[in-house]
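[1] I would like the atomic coordinates for the input below:
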Amino acid sequence: MALSGFLVPFASGALIKRQEIADEYDETAGEIIDAASEKYNEKLSLNNKSIELQNANYAAVENALGTTVAEAAAKNGFLNNVNTNEVVNYVTKSMPKGLVKRLQDLTLTDDKKSFLYTDVDDPKKLKEKTIFNSVFKDDYNRATTELGNQKDWASKNLNKGAIKNVSDLYLSGDEKLPAPTGIEKAQKFLFGDRITKETGATFNLAAEEAIGGNIDVQPKAIKASQSLAERVGYIPAAYIGSIIDQDRAIQGIINSKDVKLDPAGGGLIFPDRFRNQILAIKDNAKQYALDFTKDGKVDVSNLMARSNDDIVENIISPISTRFTGYGIDTTKFAERMSFRVMKATDINFDNTFYENNNLTKEDFIKSKIVRPGINKETTDAVDGFTISKKAADAFKLEISTLNSRQLQAVYIDFLPDNMQIMANNTMVPIKTYYKQLFGLGSF
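    Predicted coordinates:
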C-alpha cells in the first residue's frame, strides 16, 4: 500500500511534466511544418504556373500553326518559359521552315500520334507512321493529376492540424542510440519519444519524397528535332536540282539570246551582267526547295520561278516604282558591263518612299553623269542625278535589311546607273558607292 501511495503523487507530477514536454514537441513540430510549408507551397505554385503557361502556349501555337507543329514544339521544349504572346514567333524561328511546312501537310490519325502516308507497294493503300509517343493533352492531364496529388499531400501535412501526425511519424528517437535502460524506458513511457537534431531533416526528406521534383507536361528526355524530321520525311531544303536544270530554268527567266552552253558540261554560260541576279535566284530558291519536291524529285523550273518572284516583288518592283522612265539600258555601254545597267529619266516623288524618308527634289539634283566604262574609250556621259547623303542613307537602310549578300547585290544592280553621290570630295557612281559600303566587290 505504501508503494501505491508513493506512485500516485509521482504519477500526477509526471503527467504534468509529460504534457509540458508534449507541448514542446508540438511547438518544434509546428516550426518544422511552417518552414516546410513556405518552401513547398511556393514550389507547388510555381510548378502550377509553369504547367498552365505550357498549356496556354500550346493553344496559341496550335491555333496559329496547327496541331502537328504544336505537338513538335511541345516535345522540343519550345513552350517552356516563353510568354504566350511571343511563343508563335519563337517556335517559327526555332524550327526549320521546311519542317514546319512538312508537319502542317501531314494527315493525322484520330489519336494525333500517327500520320498517314502512301504505301509504296500499293499506292491505293495508306500506312500509319507513329511520330509522337504521347500527345500534349494526355501529358497535360497526367501532369495536372500528379501535381494535384502533391497538393493533396501538402494540404494534409503542411498545416498546424497535422502536428500530431507529424510528431508521431517524424519526431522519433535516434535508432542508433544504445538500448534504453529501465529508467529511459520509464521516461519514454511517461514523456514520449525524444527529439533529435535529425528531426527537421527527416521531415524534409519525407516531404521531398512525397512532393518530389517539378512536374513537366512533356518528359524532359524527349528532344526529337532530328529524329522527328526523319520520321516525317523532312529533308533540309538545300537541294535545288542539277546545275544544268537550274540554268535552263533561269534562262527562261532571264530571256537573253546571249546564253551559251558550257563546253565543260557544267551548265550554261550567261553574260556577266546577269551574274548577281542568277546567284540570288539560286540562293533564295533553297528555302522553297521542299515545297517543290515530290517523291525525291525537284520541280526546278517552278522552283526558280518562285524564287525569282520574291526578288521581283521585294526588290525590283519597289525600285521601279520610284522612278519614271525606269528600265534596262540596252546600249552597247550596258552590254559591256559586268553588272545590270538600269536607267531612269526622273524621280517619281508621288511614291511613298520619298515621303516616308522625308526626301524632296533638293535631295536629287539633276546633273550630267559620267559613267566609267571598262576602259577610257567606253566611258560615256548621260543625264542623271546627284543625290544627297540623306537620300543615299534611305536606300542604304533597305539594302541592309536584305538577308543575303546575293540579294543585296541584286538591289544595287537594279538601281539606276545615272545616279551619283559626293563622297570624300569625289563624285562616285551610286553603285560603286554601295558596293564599297557593303563589301560587295566580288559581286
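
[2] ranges for the strands of the stretch 1-150 of the chain?
    114-118, 126-130 (DSSP state E, counting those that start in this stretch).

[3] to clarify, my last question referred to the stretch 201-350 of the chain.
    Ranges of strands within the stretch 201-350 of the chain are 260-261, 268-269, 293-294, 297-298, 323-324, 327-328, 342-343, 346-347, based on DSSP E, counting those that start in this stretch.

[4] from the ones you listed, which stretch is densest packed?
    Of these, the one with the most neighbours on average (mean count of other C-beta atoms under 10 Å) is strand 342-343, at a mean of 20. Heads up, the C-betas are built off the backbone N, CA and C, glycines and all.

[5] check the strands of the stretch 1-150 of the chain for me: which has the lowest mean pLDDT.
    Between the strands of the stretch 1-150 of the chain, the lowest average pLDDT goes to strand 114-118, which shows a mean of 76.

[6] what's stretch 142-150 in contact with?
    44, 47, 48, 51, 210, 211, 212, 215, 216, 217 (C-beta atoms under 8 Å, 6 or more residues apart in numbering).

[7] emit the ChimeraX select command for whichever of those are buried.
    Per 16 or more other C-beta atoms under 10 Å, the buried members of those correspond to this ChimeraX selection:
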select :44,47,48,51,211,215,216,217
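
[8] possible to save the contacts of stretch 142-150 as CSV with distance to residue 395 and pLDDT?
    Formatted as CSV, these follow (distance: C-beta to C-beta, whole Å; pLDDT from 0 to 100):
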residue, distance to residue 395, pLDDT
44, 58, 84
47, 53, 88
48, 53, 89
51, 50, 90
210, 67, 74
211, 62, 78
212, 61, 72
215, 55, 83
216, 50, 82
217, 49, 85
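
[9] which one of the contacts of stretch 142-150 is nearest to residue 104?
    Nearest to residue 104, judged by C-beta to C-beta, of those is residue 217 at 22.2 Å.

[10] just for the stretch 101-250 of the chain, where's the confidence low?
    Low-confidence segments of the stretch 101-250 of the chain, defined by pLDDT under 70: 118-124, 160-204, 219-227, 234-238.

[11] could you pull out the helices for the stretch 101-250 of the chain?
    Applying DSSP state H, counting those that start in this stretch to the stretch 101-250 of the chain gives helices spanning 136-157, 163-170, 182-191, 199-211, 225-231, 243-254.

[12] grab the CA positions of the longest one and hand them over as CSV.
    What that stands for is helix 136-157. Only the C-alpha atoms of helix 136-157 are listed here, as CSV (Å, rounded to 0.1, in the frame of the first residue of the first chain):
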residue,chain,number,x,y,z
PHE,A,136,0.1,17.1,-75.3
LYS,A,137,-3.5,16.7,-74.0
ASP,A,138,-2.6,13.3,-72.3
ASP,A,139,0.6,14.6,-70.9
TYR,A,140,-1.1,17.8,-69.6
ASN,A,141,-3.8,15.7,-67.8
ARG,A,142,-1.0,13.4,-66.3
ALA,A,143,0.9,16.4,-65.2
THR,A,144,-2.1,18.2,-63.5
THR,A,145,-3.1,14.9,-61.8
GLU,A,146,0.4,14.4,-60.4
LEU,A,147,0.6,18.0,-59.3
GLY,A,148,-2.8,17.5,-57.7
ASN,A,149,-1.5,14.6,-55.7
GLN,A,150,1.4,16.7,-54.5
LYS,A,151,-1.0,19.5,-53.4
ASP,A,152,-3.2,16.9,-51.6
TRP,A,153,-0.3,15.6,-49.6
ALA,A,154,0.8,19.2,-48.8
SER,A,155,-2.7,20.2,-47.6
LYS,A,156,-2.8,17.2,-45.2
ASN,A,157,0.8,17.5,-43.9
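
[13] pull out the buried residues from it.
    Neighbour count says helix 136-157 has 136, 139, 140, 143, 144, 147, 150, 151, 153, 154, 157 buried, by 16+ other C-beta under 10 Å.

[14] name the member of these with the shortest distance to residue 56.
    Of all those, residue 140 has the smallest distance to residue 56: 10.9 Å, by C-beta to C-beta.

[15] quick check, residue 77 in contact with residue 217.
    No - counting by C-beta atoms under 8 Å, residue 77 does not reach residue 217; the two are 10.1 Å apart.

[16] would you mind putting the contacts of stretch 142-150 into a markdown table with distance to residue 267 alongside?
    Output for the contacts of stretch 142-150, formatted as a markdown table (distance: C-beta to C-beta, whole Å):
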| residue | distance to residue 267 |
| --- | --- |
| 44 | 65 |
| 47 | 59 |
| 48 | 61 |
| 51 | 56 |
| 210 | 70 |
| 211 | 66 |
| 212 | 63 |
| 215 | 58 |
| 216 | 52 |
| 217 | 51 |
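
[17] farthest-apart pair in the contacts of stretch 142-150, please.
    Farthest apart among the contacts of stretch 142-150 by C-beta to C-beta are 210 and 217. That separation is 20.9 Å.

[18] how much space between residue 40 and residue 205?
    13 Å (C-beta to C-beta, to the nearest Å).

[19] look at these two and report which has more neighbours.
    residue 40 (21 against 12; other C-beta atoms under 10 Å).

[20] and the strands of the stretch 1-150 of the chain: which comes nearest residue 368?
    For the strands of the stretch 1-150 of the chain, the distance to residue 368 is smallest for strand 114-118, at 65.8 Å, taking C-beta to C-beta.

[21] now that closest one, how far from the chain's geometric center?
    In terms of C-alpha atoms, centre = their mean, to the nearest Å, the gap separating the centre of strand 114-118 from the centre of its chain is 27 Å.

[22] in CSV, list the C-alpha atoms belonging to it.
    In CSV, the C-alpha atoms belonging to strand 114-118 read as follows (Å, rounded to 0.1, in the frame of the first residue of the first chain):
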residue,chain,number,x,y,z
SER,A,114,0.5,9.0,-86.2
PHE,A,115,0.2,10.3,-89.8
LEU,A,116,-0.9,8.5,-92.9
TYR,A,117,1.3,8.1,-96.0
THR,A,118,1.0,6.2,-99.3
